[in-house]
Every structure is written in structure tokens, then in C-alpha cells.
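Trainee: Please work out how this folds:
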Amino acid sequence: MEFPVPATHDTALCLIPPRGQWPLVDRLRFDNDKAHAKWPPHVNLVYPFVKSTDPGALRLACDAIVDRLRSRTSLGEAATLPIRLDSPDYFQHKNGSSLFLCDKDVGRVSRVVSLRADILAAIGQTRSEPYNMHMTVAQCEDATPSSKLEFLLEKLRRLPPVSWEASQLTVLTRAPSGQMKQWGVIDLISPSLHLCEDSFGLDQDTTATVFPQQTWYISDHHLAWRPVDPVSSEPTPTVERPENLIIASWNILAEFSWPPSRTRYPIILDNLLAETSLADVVVLQEVTDDFLPYLLKDERIQKRYTYVSHGPPDNAAAGPLPNILNNVVLSKHIFSWEYLPFKRQHKGSCVLRFDGLGHGESEGPMLPLILVTCHLSQGLTDGAVVAKKRELQRILSHLERSYAANQWVVAGDFNITTSSYTVDNAVKKGSITVQTETVLRSIEVNLAEAGLLDAWMVSRIEAGVTDSLKGNANDMFEGEQGATFDPQENLHAAKMVGSGYNNRPQRYDRILVKSGGPFQISRFNMFGFIPGDGGPGEGPLYASDHWGIRCLLQRCDSKRAAATSARVVPVQPKKAPVGLPGTAALRQCMENLSAFPTEQDETTRKEALQLLQQVLLESDQANADQARGRPTVILVPVGSYGLGTWSRTSDIDCLCIGSISPRIFFTLARQRLRKSGEPGVRLLRKIKAKSGTMFEVEVMGIKCDLQYCQAPSLVDQWPGILKRPPSDPAFSLPMQTLSKLKPARDLFYLQRSIPDLAQFRLSFQVIKTWAKSRGIYAAKFGYLGGIHLSVMLVKICKILLRNGGVVSVTDVITTFFDHYSRFDWQNDAVFDPFFHKNLRYYRTPREALCLLGWHSPTLNTALIASVPTVKVVSAELCHANAMLSGDEASWQSLLSIPDSSQDRNMTPGASNFLGSYRSFVNLRIHYWGASLERGSRLIGWLESRCASLLVDINRRVPELSARIWPARFVDSSAPEANETRGDYQGSYLVGLDWMNSHEKPSKDDLETAHNNLRAVLQQFDKLITNDEKYFDPNTSWFSAMIVRANELGDLQLDDREWGVYVDGDNESDTEDEEDEGESEELQEWLAEKANKGKPIKQRSATAQKPEGAGKLRPALDVLHRLRWDPDMDSNDFLVGYEDRFLGPQEKALSAWKSDETHLEFIPQSRILWFKRRSDDTIVWHRSERIDLLFKKT
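Mentor: The predicted model follows:
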């Protein structure tokens, strides 16, 4: 009987191996063979088989085959067929290549070919094409030899042979769904047809199913990796639940070229085994068949991690990894796991169950900890972003459906673009649509709604994290903080993305932890920074294009975890109005206002800071020996420059920290500044306050405020010591020392804890610009300053980003004004709830505003604020919030951008202030002196007292509302002419209005208020003019009077320096300091004599004393003086000291060791004298109380 060659492919006659040999082949076929979901593992004999799936036609063909088989049996031919598929190969076609396993044994293949020929003859078919017996395992899109093709062939080589004795033929038919199902089998031993339908499980939706997988462990008995037997007792789970769990994740970058290079393998291992990366569970991405055996055979890995998700690919029982790029988990704790496939080929997650790390009530069942690996689709295209969202939704849906009550950890490479610069440019260039940008942002919302907390975000907000970003922090854009993929620093990453807008840092890698479980996020760090030797001119060779991430989870009592401060005022997120332009428009608006420093500004300040450091520390002149002999002094930029929120007019606040006394430091600093020889360096003035001495220095045209803190116990450990908690004993220091250190400690914490510094800086600059335009950015007047805005804004940024994932700058600013417009300033305090977790602060009645900083000793940063200034600030916040809530909200109106027609010497805010009041208090000051230093002191003194004037007005005349504008007004007629004559006049104006503007006051009320106000002004006038330290009637004049608005005349703002710099401006201060020092030393000497019972008579003539006798300075001061004073040669001095065995000895000062850890260290208490070699003179002697170095002349 003849059967025509069928035109359809709905039937097949094939050989199918036993089911026991399917798993390893199917694991590889799952993501690599597009026919996996339609065909079982098979070897086709005749395909297509018959014309249709009609049972009658199939039975006729099968009966013919059975008859032919019986004839073969009668002739003595072997009934069964030995099959051994152990050789990989491939064939090419127009759409790529198909890879398969085949049998290279000629004898076995010839028997199959012979049987096939008999079958074709039985059904009357002829096939012209040659028969190539094979089992298809994978496809490759490359039709020519390529690296990917070679990688896939290598996987097939690692498969164990598929070997069986074929005793039956299987007839397959195609179902309407497209799957091939078994219709019947033909027995080869006793030729017969058996009808038995079987779908092989192909009718299941594989993307909606999870597949149990095998866990492996390192066997101490066999010294090899073996599969975990669930029944076996060898790998027993941990009985005690660990209190801490460290989880790490790292994309180790697969080798994509064949043959794979192993150059990076040792570097990867060195980083994995470094102290900063050791963990309890490690999630690796992009693991290959070539790398995994290298990893698992390392004895250090075997000792550290007992369990692994995938066995070595060179182990026949394990077989090759299912994909070219794979997720592999190493663990110290036993686990079971399943594979969760995604719809996109080659994508899926490992879902691990840690029964030993579970939690639950004592009477109920234990709920295991669930860990899910993640490696989402890469790319920033419309399709890639949608794929990421679907893949992540697949993970979340599975967790919510199967493990809703468990705690989850999702770790891996999310491939979510975080840099706002990259996303904005992708939209501009059309790489993605605006809708795709919305989808990208919604991913973060989905994570937050699922209760997943970002370990980096939480750790940074609460404890602080030092990021890996090595470039200029001021060049960062939003979303680049905490980047784990940095093309600007990592050569591997740069090669991946090339140039353009993709060449920005991205925070691709994350560890997410479900909130509400027993494990709480505690600490976070990055690793992978140990480099190898790169090629010539290539720089360091890092192990991967990604940095690794690691977090510490701590088991926490739920009651204790919930015990947070009840004093925190909740922040309600508020989205920016739809019509309000976005971040790009906001940046442009700020640039139009020249609010941002230019690149030249940044360069100038860097150079100025370096020059100041060189001059003060003589860092460019000291050789190695001299540097070792000098005490350690470091210079730390603090304030707005340190935080990156400075503007073009900002000063640089510098804090020097060292071991020498402040007196010696400032003496040396003054000498070095004067003798520097640098034309752009000059000491403007010295300021003495309760907190200590400060130098105001000008370097390259930039003012620098220089302060000093003596902290010998901290300077040698700086800045590492700042990572210690505030309660650490190292910070048990005097209050004045802690006060000096507070700016540096606060800055260090903020730099490590603000979740997105770029976002914070932009938001800060916008709010600062708004505050300046509204006349409320002036801390010394009782308004807001940089530290106050930081306290207020840090709280908003941290809470928003912790609770809601990623938010935009516009949302941060909108929420800022909305939150503080409704804030109860009288009863509530603003503070960082992630730093002050158990705040105990008593607010005194005198604190009108409570903005709490971070470190002790003084928490409230707004002690100068008064009730009037708080009312003004509150009213301005409400006004700004109303502007941003309207339909016509714009950045131009918020920031009071002046029109081109307006006077540049009068801002819109100041002009509005002058037009808002009918009466003013005019604080008029007149200065005709020549010294800039004295003019600055006078102005500074007057401005510092204005806050007290507002307090007195509010106390004595409560029915009046007073507001001072924090700038000086001058007559616009000829301020430059007066300046050329050395004549400076100006006014500070206080606007006056009735507290209840709706009711007209009576005449009696007017007279009473007027009299009381005049009394306040007279008292303030006396306060200013009677202070001889700042006010000199020979060069100054002052008055405080009430004026009407129409009496002010034509005014403009004055930003001049009053006076000119004269060399020696600070000489009087220096003399004062020395006089005060002598007076203090004299008093100490008199007190010492009085204690000995000797009567003291002060008279003009005193008894002759030996040269250098008097108050003896400690040996440490002498040591520092001899080493630091440029007028002294330290090599010319000897140190006399008491040797414990030899008695008094001498040693060269240059060889004297001050480091306590040095073997030759000698305590300073054993120093006896200091001698000058050149003339053999004792310049300091302890017992004889000789001191020729610090004597008064």
C-alpha cells in the first residue's frame, strides 16, 4: 500500500528516550529549544509521517509498519535498537543554526537507517534528502560559527550521554494547541500497535509553573559536591535560628568571547573572599559553565559555603547550566529551591526556601525565609522596559500567591535605569516614549506597594553608607547615588555602554527585603574594588563591570521594631501639579538666575582650598622626615561647600583639627599666611567669640572662614572614627571640643545618609533661592540659614524615598512646602527621625523655633529665631504652598524672577517689602572710617543685635507685627560717590503693621504703642552706641527711629564692603590676644604664689628672676613649637629624657617618636629638658622651670 508524502507536519514517527533521561536534556532545552513546549525529547524517524491526524489513516500506516516489522523478526534481525546520543553537532539554515546530540557509531546508526528504510517502504514513501539521526536540543540565531554557538556546543558536550535500548516506536500527532501528543506506540520486540494517548505534560503552561530543582552540598566524606538528599541526615539544617543574616549579590560579568578568558577568575575569587564581601548567602549573576567549576573547586569557597544551587557542570549528575548566563546561589544554610520561568526566553528566577531561617508563632508552623534571585532584561527601549515590569510582576505575583505570609528577600541585577540624565535624554532622543518613562517610574511604585524595602536606601537613610562613586560628587545627577554600574570609573562598564547619555552611573543592583518580618535591614556596603593588573595604559582591571552589594539583616523583636518616636510629624507625599514644568525646566530656571556655580567657580574653589592647605600645613614644602616630625593637622571643608549646596557668593567654611593648642595653631597660621608670598592670600581679620577664635582669610578672591579644634585623640583616626556611633567613648570630649567638631560630624553623616545627594542639592538650591528672594534666608537675623534648610529638607527627602521609592525633585519641593505650611511650629519640632530614634529633648519656652540637628552638644540650630521671625517664615511657607497649588503654578513666580525692565539693584522681594508697610523702623548707620576690618565688625555687631530688637518689640509692643528685611538699603542717588570718599551710609528697615489688621486701633492704643516702641528703640540705640568694642563715635554714627514709608526716599540694596582692606587690619586683635594671654598667665602666677602662703605685693619693681623663669609651658607645647616654628631648625635641638635603666639621656629631636604604637615611643612625662646644639643652651627645663621659648619680651 502506498501513502503519499504528507504536505503537513502534524504527525511524526519517532524514538523517545525513557523519562528518567529527560531532566538534564529538558533543563537545557527549556530556554534554548523553541520546540521544548511542543515536543518531548525525541529522535525523528519519519517526519512528517502521514497525511493527516485521521485515526483511520494512522492505523493503516501503523498496520503496514507492524507487518514489515514481523517480516524483519522472522528474518532474524534484532528487534531493539541500541541508541547512544553523546556527540554534539549543528546544522545551519537560513534563520540560524540548530544544535543537537547524535550517535557517531556507524554500526548503531546503520541499524536505525535500515529500520527507517523498511518503514518508508512499508508505507510507500520515498525521501530524497539524506537522513541525519539527531535529537535537537537548542537553536542559535547565528547561521555562521560564533562565540554563542560555541558556548551552546560546549553545553551539549557537558550533557551525559542519552543512552537507551529502543524497544518501541512512538506515533505523535499535533493537537490544536500545537503540542505533539502521543497517539500510540509500536512494539519492536513483538510487533504490534498499542493505542495510548499521552500529552507528556506539554499541555501545561510552563510560564505559569515553577519547577523543583536540586540543591548541592560539599560532602566532607567524599570531598566533592553532591546532590542533597531530602531524606538523608548528612546535611542537617541549623537548629538555632541565627540572629544575623548577611546577604550579598554580584553580577560577575560573563565572558562573551570564545574561548572564554580566565584572566578575571582569580580577581573575582579574591573579591568574593575579601572581608567586605563574605556573607551567609551570595547571589551571583551571569555565571557560566566555564566559571562555575573554577569557583566550586576552590577550597576557600568550599569551607565558607556548604550549599550551592547548581552543581559543577563537569559533574555528569549536574550537567551544564541551563543558560549561557545563570543565577547561582552559594549559602552557609541549607535550602530547597524551585525555578520560576518568565515568558521571555532565557529569563527566570530561583526561588529559595530557607526553613532554618524561618519565623512564626510558637504554636503555629514555621514560615521559611524566601529568597528570590533577580536578573531582569537589560536595555532602555520601550520593549525592554515593559519586559522588566512584566518580569518583576511575575516575581511579585508568585510571592504573593505562594508565600504571602513569609518574609521575602529579592536580590540581584534589576537593570532598572536610575540616572535621570540618561532617562531624560532617552526621551528627548526618542529612544523611549513618555509613556515608557511613566512605566519605568511605576516599577518603583510597585516595589513600594509590595512592601519591599531597598537595603541600600534604608541603610543609607538610617545608618549611612559610603558609596563607591569616585568622581566629582557635584557632577552627579538624580538617581546616580549608590551606583553599582559606573562607566566613568570601571573600564568593563565603559566598554558595555560606549559613549553618549548611557555613559552615566546607574544603581542597577539591589537587595530588597519585605517589611514587617523578623529580619530588619541594618547595614549595607559595596565590594568588588580589588583590582588586578590591567593592560598598558588601561588602568586597574576590575573583576566585573558591576560592583557587588552586601547587606546585614538582624533579627528584631517586632515590639521593639515598632517602638519609634511618637513625636515625628508624618509627611504626606504631594505630587507636583500637572502643569508645573519638570526638573529640566527647573534647572534651566535656576541657571537663568545664576544660582548654580559654573565649572570655573568649582575649579577656582578647589584651587583656593588646595592653596590654603599648602600655606597652612606647608604640605608642598615639607619633606618626608619633616612631615613625620610634625604633629598631624588636617583641614576639613564643612558647611555649604562640604555638602555641595554652595553658591557663587558663598564662603568656604574650613575646620582644622589637630593635636596642638589653638593658640599655637593660630600663631603659626598667622605667620604662614603673612609669609606665604602668594599674592592671592591675605588674612582679613580675626574674630573672637565664645566658641573660640576664627580667622577670615581671602584666598584667590574667595573668603574662607578658618576655625580650629584641638582633638589629638581623633586626628590620627580621621575620618574613619566618624563612622562610629555618637555614643562611642571616643566622643567623650569636652563640650567646646564637641561644639567645634559638630559641623564636621553632621556633614559626614549627611554625606553618607542623604539618599540622593543630587536631588537634595537641587531641591536645596531651589528652596534657598526662594528663601533669599522672600527675605527669610539670614540666620543671624533669626530667619533660616543653610543648616536650618538642611534639617527641614533632609527629613522630607528621607521619608519620601524610604516610603515611596523614587520621587522627582518637583515632588520633593512640593511636599516640602505643603508639609511645613501646615506645621505647628509652636508645639512640634523638626528633626531627622532616622538619626534620633529615641529623642529626649526638652524644649524651653524661649525656643520659638525647634529645628534639631544631629550631633551633640547643642541640638537646636535655631536658637536665634524669635516669635516674630517664625511668624514671617510660616507666612511665607503658606504663601509658597498656595502658589504651587494653583493652576498657574510656575517656577518663575515662586522664585520671584525679576523682569528685564526691573532695577537690578532692587529685587522683587525687597521692592514688595517696601511697598507692604506704611511705617518702618529705620536703623540708620553711618561709617566714615578707612579700615575694612572695623567697618565689617561694626556691621556684623549691628546685624547680630537686630534679632533681639524684634524680640523686644514683640514683648513690649505685642500688638505690633514687626518684620526686618535682612539686607542693607542705601540712597540710590550716589552710593558710589560716597564710597570713593570713604563715607558709608545705610539703613536696616523693620516693617511695622498691626497684628490685627482688620480692626482699626484707638488713639489711646496708638499712643501707647508709639511710646512703648520709642522706648524700645531708645534702649536699642544705647545698646549699639555704648559698646566701645565695636562702635567708635569718631568714625561711626547710629540712630533708630520710626519713619513713614514716603519718608524713605528712593532706595536700593547695598552689597558693598564698608571700608577697604589695609595690611595690618588685624594687628590690634593680635596685640589684644597677646595682652590677654599675658594677663591670664600673670593671674595664674599670682594665684600660685598666694596658695603657698606668700604675701604678694604688686609694685613697679620686682625681684630679679633667672632668664626664662615663670609659668612653665608643658613639654608637648615645646615639642610642637620646635617642630612647627619655621624660624627654628628642629635638627638643632636635643631632647633630654629619663631612661628607666640608664638614667638621664639625650636624643635628637628629629629622631623623637610621638606615635604611641612605635617601638621607640617614650612618654612625654619622662622628658627632662630641651637643649640647643649650636650653643649648648638649655631652652626648657622641667625641674628648674626654665622656658626660653615662650618667655615674654
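
Trainee: Beta-bridge partners for L1134, please?
Mentor: A1148, K1171 (DSSP bridges).

Trainee: and it, what is it in contact with?
Mentor: For L1134, the contact set (CB atoms under 8 Å, 6 or more residues apart in numbering) comprises 1146-1149, 1170-1173. Heads up, the C-betas are built off the backbone N, CA and C, glycines and all.

Trainee: Just read off the phi/psi values of A455.
Mentor: Torsion angles at A455 (phi, psi; degrees, to the nearest 10) stand at phi -60, psi -40.

Trainee: Could you tell me how many residues sit around it?
Mentor: As a burial measure, A455 scores 26 neighbours (other CB atoms under 10 Å).

Trainee: cool, and the one 3 residues further on?
Mentor: Other residues within reach of V458, judged by other CB under 10 Å, total 25.

Trainee: Kindly report the same for G430.
Mentor: 7.

Trainee: how much space is there between it and F1020?
Mentor: G430 sits 64 Å away from F1020 when distances are taken as CB to CB, to the nearest Å.

Trainee: all strands of the stretch 851-1000 of the chain, in order?
Mentor: Assigned by DSSP state E, counting those that start in this stretch, the stretch 851-1000 of the chain shows strands spanning 919-927, 960-964, 968-971, 984-994.

Trainee: If you count contacts, what does the longest one end up packed against?
Mentor: Using 3 or more CB pairs under 8 Å, 6 or more residues apart in numbering; DSSP states H and E as the contact criterion, the secondary-structure elements in contact with strand 984-994 are helix 908-914, strand 919-927, helix 932-956, strand 960-964, strand 968-971.

Trainee: For the first one, the averaged confidence score.
Mentor: Confidence over helix 908-914 (mean pLDDT, whole number) is 91.

Trainee: How about the fourth one?
Mentor: For strand 960-964, the mean per-residue pLDDT is 93.

Trainee: do the same with the longest one
Mentor: Along helix 932-956, the predicted local confidence has a mean pLDDT of 88.

Trainee: Does anything pack onto that helix? Which helices or strands?
Mentor: Counting contacts by 3+ CB pairs under 8 Å, 6+ apart, helix 932-956 is packed against strand 681-689, helix 867-885, strand 919-927, strand 960-964, strand 984-994, helix 1003-1025, strand 1036-1044.

Trainee: now these in CSV, with mean neighbour count and distance to L376?
Mentor: As requested, these are arranged in CSV below (neighbours: other CB atoms under 10 Å; distance: least, CB to CB, whole Å):
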stretch, mean neighbour count, distance to L376
strand 681-689, 18, 55
helix 867-885, 19, 36
strand 919-927, 21, 63
strand 960-964, 23, 55
strand 984-994, 21, 58
helix 1003-1025, 15, 67
strand 1036-1044, 16, 68
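
Trainee: Least reliable of the ones you listed by average pLDDT, please.
Mentor: The weakest mean pLDDT among the helices and strands packed on helix 932-956 belongs to strand 681-689, with a mean of 83.

Trainee: Give me the number of neighbouring residues for G319.
Mentor: Using other CB under 10 Å, G319 has 22 other residues around it.

Trainee: State whether it is indeed within a strand.
Mentor: No - under DSSP: H, G, I helix; E, B strand; the rest coil, G319 sits outside any strand and is assigned coil.

Trainee: all strands of the stretch 1001-1150 of the chain, in order?
Mentor: For the stretch 1001-1150 of the chain, the strands defined by DSSP E, counting those that start in this stretch occupy 1036-1044, 1051-1054, 1133-1139, 1143-1148.

Trainee: Which one, of those strands, ends up nearest to P23?
Mentor: P23 lies closest to strand 1143-1148 among the strands of the stretch 1001-1150 of the chain, at 78.1 Å (CB to CB).

Trainee: angle of the closest one against strand 1133-1139?
Mentor: Taking axes from the mean of the first three to the mean of the last three CA atoms, to 10 degrees, one finds strand 1143-1148 and strand 1133-1139 inclined to each other by 150 degrees.

Trainee: Run the chain-centre distance for strand 1143-1148.
Mentor: Distance, stretch centre to chain centre, for strand 1143-1148: 53 Å (CA atoms, centre = their mean, to the nearest Å).

Trainee: tell me which residues in it are buried?
Mentor: Across strand 1143-1148, burial judged by 16 or more other CB atoms under 10 Å covers no residue at all.

Trainee: Against which helices or strands is that strand packed?
Mentor: Strand 1143-1148 sits against strand 1133-1139, with contacts defined as 3+ CB pairs under 8 Å, 6+ apart.

Trainee: List the buried residues of the strand it packs on.
Mentor: Result for strand 1133-1139 [16+ other CB under 10 Å]: buried residues 1133-1137.

Trainee: could you dump those to TSV with pLDDT?
Mentor: Below are the buried residues of strand 1133-1139 laid out as TSV (pLDDT from 0 to 100):
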residue	pLDDT
F1133	91
L1134	92
V1135	93
G1136	92
Y1137	90
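
Trainee: closest to L1119 among these?
Mentor: Closest to L1119 out of the buried residues of strand 1133-1139 is V1135 (7.9 Å), distances taken as CB to CB.

Trainee: now the closest one: how far from I1167?
Mentor: As for V1135, its distance to I1167 is 6 Å (criterion: CB to CB).

Trainee: what residues do these two have in common as contacts?
Mentor: L1119.

Trainee: hmm, back to that, and M883, which of the strands of the stretch 851-1000 of the chain is closest to it?
Mentor: M883 sits nearest to strand 960-964 of all the strands of the stretch 851-1000 of the chain, at 19.2 Å, using CB to CB.

Trainee: What is that closest one packed up against?
Mentor: Strand 960-964 packs on helix 867-885, helix 932-956, strand 984-994, going by 3+ CB pairs under 8 Å, 6+ apart.

Trainee: Now do the contacts for W164.
Mentor: Applying CB under 8 Å, 6+ apart, one finds that W164 lies in contact with 17-18, 21, 83.

Trainee: bridging residues for it?
Mentor: Bridge pairing for W164 - DSSP bridges - gives I83.

Trainee: so what pLDDT did it get?
Mentor: 92.

Trainee: returning to what we had before: relative to I754, which of the strands of the stretch 1001-1150 of the chain is closest?
Mentor: Nearest to I754, of all the strands of the stretch 1001-1150 of the chain, is strand 1051-1054, at 33.3 Å by CB to CB.

Trainee: Please name the strands paired to that closest one in the sheet, noting orientation.
Mentor: By DSSP bridges, strand 1051-1054 pairs with strand 968-971 (antiparallel).

Trainee: Is P48 in a helix, a strand, or coil?
Mentor: Going by three-state DSSP: P48 is coil.

Trainee: Just give me the neighbour total for it.
Mentor: When neighbours are counted by other CB under 10 Å, P48 registers 17.

Trainee: returning to that earlier point: just name the most buried of the helices and strands packed on strand 984-994.
Mentor: Using mean count of other CB atoms under 10 Å, the stretch among the helices and strands packed on strand 984-994 with the largest mean neighbour count is strand 960-964, at a mean of 23.

Trainee: neighbouring strands for that one, and are they parallel or not?
Mentor: strand 984-994 (antiparallel).
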